[in-house]
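[1] how would this look folded up:
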Amino acid sequence: MADKMLIVAGGTPFDTRPFGGLKYDGSTFSLNKPKIFNNARKLNNAGGNYRRVWRCGYPSWDGMGKILDWKDPQYFPLMREYLSIIHQPIQGAGATQLPPGARIWFELFDGFADEAYLSNPSEARKMIQAMFANLGDIPYLDFSTGNELNSKDWCDFVEFVIFPEFKKAGRIPFAYGASYCTKGEPKGPMEKQSGIAAYRVWGSNPAADKVKMSIWRPVHNVCDSKSESLVTARDNWRKENIPQPISTLLSIDGIKKGLSPDDYTISDGKDQRRPSHTQMKEAIAYWMDGADNLDFKEGGPAFGFEYLPKAQIDEVSAASVIAITDAYAMRFGSWPENYSEYPLDWIEPECQVGQTQTMRCADGSEIITHICRDGKWQATGTLCPITPDPVKPPDITLQGWLVIGLVFISIVILTIVRC
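    Down below sits the predicted model:
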């Protein structure tokens, strides 16, 4: 990607919650395409260039709803379509030059909801293999280890189950499954996964070291410039005068006591509030200030910031992403490539691509077949003959009426003179 920084946004999730993008009628799942499209295009338009996607809508998130997961035959067709929409929310096949769109950061596991896999590694391997087989050809999709796989059991699972499946498939995880922990160093979960586990799977040669350093390291609980996880990660990982050796993703994930005036929710009677725009900008500036090079030493960006909404209101989310984009522009003197390139909301198509219909011409002469292309009906072959309208006398214009009036007045004057 050409952008200097990852701007990651949480969008409409792949689940049946009220703000989710899935619908369920009691037997069949379907996508709410306008909702997914409009949310994605607003986040892209605000400058977002990555979207984090969880494998499914986990029951722990709200305890309700119907879950669509990988064993259901509807899962992979709908997931592929869902990913394609949030990657490039532009309608119409006629455009020749599209913006880059959003890449997808796809989480295979969740540390809180997928614990059943810990005691069933063979099932976990089947799931990973199914994901690679059914979604692995998508060029803008980056598979990741999982979200907050922080426990000792999860670290062992990453080492002996998840990482080996990636290596067997010739893939590198997008991010480590553990979020950075400032306590218990140097034996925290991030260190275990990036050190012991990665060493065991990829080895210790220079090529293996390059792999281990390129995998993104999530740093959660970042609220402002004083957040402990941010300060500690900056002290340990960020370098001032050289390309960055470690790819770092700061995230507001976990923040419930921020100062945002509108990005909040009420859970169990408690206010859970995300950071304000000012707080996020301060955190970003704290990481970037004093470093004259923020590129990864192997090429590409080495720094990113993730915004995850609480309110799940499109305009609120987009405004927060714009705040991150403003910090980007302040540092780099340019805008992210997606910024302001997605101006149009969903337009309901007249028809579904591939549909056909036949129509008899008005004079009954022949039947013309129409096919749906780009959401609109287009005739194939010859068109119906156009019957010309019957010829009628032209209407008299205002200028014509003036001429007639002048002639009439002239005749009256001549008549009077002769009398």
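[2] pLDDT weak spots in the stretch 251-400 of the chain?
    362-368, 374-375, 377, 381-400 (pLDDT under 70).
[3] If we use 50, what do you get?
    By pLDDT under 50, the stretch 251-400 of the chain has no low-scoring segment.
[4] Could I get the full set of strands for it?
    264-267, 270-273, 303-307, 356-360, 367-373, 376-379 (DSSP state E, counting those that start in this stretch).
[5] Show me what the last one packs onto, helices and strands only.
    Which is strand 376-379. strand 367-373 (3 or more CB pairs under 8 Å, 6 or more residues apart in numbering; DSSP states H and E). Any C-beta I mention is one placed from the backbone N, CA and C, and that applies to glycine too.
[6] In its sheet, which strands sit next to the strand it packs on, and in what direction?
    According to DSSP bridges, strand 367-373 forms sheet pairs with strand 356-360 (antiparallel), strand 376-379 (antiparallel).
[7] pretty sure Asp15 contacts Leu22?
    Yes: using CB atoms under 8 Å, Asp15 makes contact with Leu22 at a distance of 5.7 Å.
[8] Enumerate every residue touching Glu341.
    For Glu341, the contact set (CB atoms under 8 Å, 6 or more residues apart in numbering) comprises Asn44, Asn45, Pro99.
[9] So this protein: which segments form each domain?
    6-332, 356-418 (automatic domain parsing).
[10] Check these for me and report the most buried one.
    By mean neighbour count, with neighbours taken as mean count of other CB atoms under 10 Å, domain 6-332 ranks first of the domains of the chain at a mean of 18.
[11] Next, work out how far apart Leu43 and Leu249 are.
    From Leu43 across to Leu249, the span is 17 Å (CB to CB, to the nearest Å).
[12] Out of the contacts of Glu341, which comes closest to Asp235?
    Taking CB to CB as the measure, Asp235 lies nearest Asn44 of these, at 33.8 Å.
[13] Isn't Leu249 up against Tyr307?
    No: Leu249 lies out of contact with Tyr307 (CB under 8 Å); the separation is 11.4 Å.
[14] where do the contact lists of the two overlap?
    By CB under 8 Å, 6+ apart, the residues touching both Leu249 and Tyr307 are Val8.
[15] So which of the contacts of Glu341 sit within helices?
    Asn44, Asn45 (DSSP state H).
[16] can you put the contacts of Glu341 in a markdown table and add pLDDT and distance to Arg51?
    Output for the contacts of Glu341, formatted as a markdown table (pLDDT from 0 to 100; distance: CB to CB, whole Å):
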| residue | pLDDT | distance to Arg51 |
| --- | --- | --- |
| Asn44 | 98 | 9 |
| Asn45 | 98 | 13 |
| Pro99 | 95 | 14 |
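[17] Going by distance to Lys168, which of the contacts of Glu341 wins?
    Nearest to Lys168 among the contacts of Glu341, with distances taken as CB to CB, is Asn44, at 33.9 Å.
[18] Please report how far that closest one lies from Ile284.
    19 Å.
[19] same thing with Pro343?
    26 Å.
[20] How about Pro189?
    In terms of CB to CB, Pro189 sits 25 Å off from Ile284.
[21] tally of neighbours for Trp335?
    Trp335: 15 surrounding residues under other CB atoms under 10 Å.
[22] So for it, what's the nearest residue that isn't a sequence neighbour?
    Ala329 (5.5 Å; CB to CB, 6 or more residues apart in numbering).
[23] ranges for the helices of this structure?
    33-45, 75-87, 121-135, 152-157, 163-168, 189-191, 198-202, 206-214, 228-237, 277-288, 314-332, 398-418.
[24] Of all those helices, which one comes closest to Asp114?
    Comparing those under CB to CB, the one sitting nearest is helix 121-135, at 8.3 Å.
[25] Which strands or helices does the closest one pack on?
    Using 3+ CB pairs under 8 Å, 6+ apart: helix 121-135 touches helix 75-87, strand 141-144, helix 163-168.
[26] Could you give the separation of the first one from the chain centroid?
    So that's helix 75-87. Offset of helix 75-87 from its chain centre (CA atoms, centre = their mean, to the nearest Å): 11 Å.
[27] and it, what other elements does it pack with?
    Under the contact criterion of 3+ CB pairs under 8 Å, 6+ apart, the helices and strands touching helix 75-87 comprise strand 29-31, helix 33-45, strand 50-54, strand 103-107, helix 121-135.
[28] So what touches it?
    11-12, 14, 21-22, 29-31, 33, 36-37, 39-40, 51, 53, 56, 68-70, 101-104, 134-135, 138, 140-141.
[29] now Ser144, nearest residue through space, not along the chain?
    Phe174 (4.0 Å).
[30] check contacts around that neighbour.
    Residues in contact with Phe174, defined by CB under 8 Å, 6+ apart, are Trp105, Phe106, Asp142, Phe143, Ser144, Thr145, Ile215, Trp216.
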